[in-house]
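**Student:** missing the sequence, but the structure's below:
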Ligand SMILES: Nc1ncnc2c1ncn2[C@@H]1O[C@H](COP(=O)(O)OP(=O)(O)OP(=O)(O)O)[C@@H](O)[C@H]1O
Ligand SMILES: O=P(O)(O)OC[C@H]1O[C@](O)(CO)[C@@H](O)[C@@H]1O
Ligand SMILES: [Mg+2]
């Protein structure tokens, strides 16, 4: 542990808030607009009413500039006026055939005349031999890949990866890493790979770990991170940096970043953390600091939208198998054995759904997205009676957020929240176990029920091999992005390709199991459990605007409007 440095290093490029809002958007000198797109309209979200400007030297390009800005050619001659609305981080380019590019912010959006340097990877012994190692500035990744032939090309994100030119010299970089929110397998791997990526690929050796989540920026010591220090940490669960909920004080955090001379901030966490990262980025931009803010999305619940899946999810599903196996062994060893397994998933039942699909020993899976009922025709108890008569045992998997409305009805409603403002859930596993016991006792049927709650055991394990590789790539992409001057972004896998995604896209809603998607149908057909849906529930569910699940479910087709 080391104490914070006494006074700031030279990362301050101070500007007033108004000068930032008035600043002129200019592209990196290496930035080429997609050449395949003859007509582009570039705008920030929420500013579509702004005047349209013709791009100097590029007669085929037009831009929608924000209404608050004024037109001016940039120092590079390729850029055009664009206001940076302080509440918006979206840089949207629209092109032909419905092509939309949602780009991420860049340091030069608000700092003029930043020098660039050749990427040291150009002469790196391992990477220099790779054909096309560097990403092209025109490369984008489609958000949806299944299209009707007549449908528009849709939303695209910037392809992640190393850039030919970077905006930081190795000696200049002072990076920090923070982990926030609940634990998730793979946190230590991401930390390790950010440190090793910065050090081995870019020659950076000033890297600080922030101790204990966001509040660690201003209330705790820091940890000096070196490749040697982090060498073995991927074999351990948890986070070597510690984590916390609550304690996000934006101005104290940015003061600390500024005072310590930090110029790259790597933030690993879930939806709450990324909302926090977004406001940190806004404040950094408002102060005009040359500080890149990169997020790496983390959540065991897999509830972050847009990305294919979050790291640690595979490990969690694998680990959940052990609990399900144990429940199955216990249940089938006794007469009328029932194994109940509670898995994590506050609002999204992905772990429960995938663990059920993987195991094949589960008779019924209950998730928050699919309301269920206990008594009467088509209810859980009727199904259990039938299954026990047929097989003599059964296994029930329940996600922690399932049936909360039923619990509130029968228990006095507790409206408690954790330090981050997340609703504290009541223990649905204990509740349903008791309900099942009471029901069968009432019907004079002997039951042998074992309740297993492996939730924290699943969350605390180290990541498995596939998550380790995934974490490595996410971390390296974050490092490449920050070195290239991108900021206010999160890394993420979209349709199997690594991308940079604006914060707002991953925080505006939660990823949920769509019960009208094929994957939930596969689950229902594999367990043969009741769907608990009435015909008009199905009609209502199908009316939902856009299925948010990405390639885990992967078969949503973009249809023409
Ligand atoms: N809207 C917000 N603005 C600023 N900071 C936030 C916001 N929401 C949450 N945070 C901060 O982010 C941190 C983590 O949030 P939270 O506890 O909700 O976990 P999370 O990142 O969503 O992860 P998970 O839910 O997967 O455990 C906390 O320090 C919290 O104060
Ligand atoms: O660590 P805590 O505060 O008990 O949080 C538990 C919650 O965190 C999560 O694991 C998400 O990180 C949820 O699945 C769960 O409800
Ligand atoms: Mg969360």
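**Tutor:** Great, that's in hand. Because the structure is a prediction, the values reported are computed rather than measured. Numbers count the residues shown, from 1 in each chain. Ligands and ions are numbered 1, 2, ... in the order given.

**Student:** near ligand 3, which residues of this structure are found?
**Tutor:** Taking CB under 5 Å from the ion as the contact definition, the chain meets ligand 3 at 270, 271, 272. (C-beta placed from N, C-alpha, C; glycine too.)

**Student:** can you pull the contacts of the residue in the stretch 401-550 of the chain that ligand 3 sits nearest to?
**Tutor:** As assessed by CB to the ion, ligand 3 sits closest to residue 422 within the stretch 401-550 of the chain, at 6.2 Å. With contacts defined as CB atoms under 8 Å, 6 or more residues apart in numbering, the neighbours of residue 422 are 245, 272, 346.

**Student:** re the thing from before, reformat the residues of the chain next to ligand 3 as CSV; add secondary structure.
**Tutor:** Below are the residues of the chain next to ligand 3 laid out as CSV (DSSP: H, G, I helix; E, B strand; the rest coil):
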residue, secondary structure
270, coil
271, helix
272, helix
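
**Student:** so can I have CSV of the residues you listed showing neighbour count?
**Tutor:** Listed next are the residues of the chain next to ligand 3 as CSV, based on neighbours: other CB atoms under 10 Å:
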residue, neighbour count
270, 24
271, 24
272, 21
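
**Student:** and which of those residues is nearest residue 336?
**Tutor:** Of all the residues of the chain next to ligand 3, residue 270 has the smallest distance to residue 336: 39.8 Å, by CB to CB.

**Student:** for the closest one, which non-adjacent residue is spatially closest?
**Tutor:** With CB to CB, 6 or more residues apart in numbering as the measure, residue 299 is the residue that lies nearest to residue 270, at 4.0 Å, once sequence neighbours are left out.

**Student:** now do residue 387
**Tutor:** Using CB to CB, 6+ apart and skipping the chain neighbours, the partner closest in space to residue 387 is residue 394 (4.7 Å).

**Student:** is the one you found in a helix, a strand, or coil?
**Tutor:** With three-state DSSP as the basis, the three-state label of residue 394 is strand.

**Student:** distance of it relative to residue 439?
**Tutor:** Applying CB to CB, to the nearest Å, one obtains 14 Å for the distance of residue 394 from residue 439.

**Student:** any low-confidence regions in the stretch 351-500 of the chain?
**Tutor:** In the predicted model of the stretch 351-500 of the chain, residues 409-414 satisfy pLDDT under 70.

**Student:** those residues of it touching ligand 2, which are they?
**Tutor:** 400, 418, 459 (CB under 6 Å from any ligand atom).

**Student:** check the chain too.
**Tutor:** Contact residues, the chain versus ligand 2 (CB under 6 Å from any ligand atom): 181, 182, 270, 299, 300, 301, 344, 345, 346, 400, 418, 459.

**Student:** the third one and residue 305 touch, don't they?
**Tutor:** Meaning residue 270. No: look at residue 270 against residue 305 with CB atoms under 8 Å: they stay out of range, at 11.9 Å.

**Student:** between residue 394 and residue 439, which has more neighbouring residues?
**Tutor:** Neighbours around residue 394 and residue 439, counted as other CB atoms under 10 Å, are more numerous at residue 394. The numbers are 25 against 18.

**Student:** separation between that one and ligand 2?
**Tutor:** In this structure, residue 394 and ligand 2 are 25 Å apart, going by CB to the nearest ligand atom, to the nearest Å.

**Student:** who's that residue bridged to?
**Tutor:** Beta-bridge partners recorded for residue 394 (DSSP bridges): residue 338.

**Student:** surely it meets residue 332?
**Tutor:** No: taking CB under 8 Å as the definition, residue 394 is not a contact partner of residue 332, at 9.3 Å.

**Student:** which parts of the stretch 251-400 of the chain are strands?
**Tutor:** Listed in chain order, the strands of the stretch 251-400 of the chain (DSSP state E, counting those that start in this stretch) span 264-269, 292-297, 337-343, 364-366, 393-399.

**Student:** give the closest residue to the residue in the stretch 451-561 of the chain that ligand 2 sits nearest to in space, chain neighbours not counted.
**Tutor:** Proximity to ligand 2, evaluated over the stretch 451-561 of the chain using CB to the nearest ligand atom, is greatest for residue 459 at 5.6 Å. Once flanking residues are discounted, residue 459 sits nearest to residue 183: 4.8 Å by CB to CB, 6+ apart.
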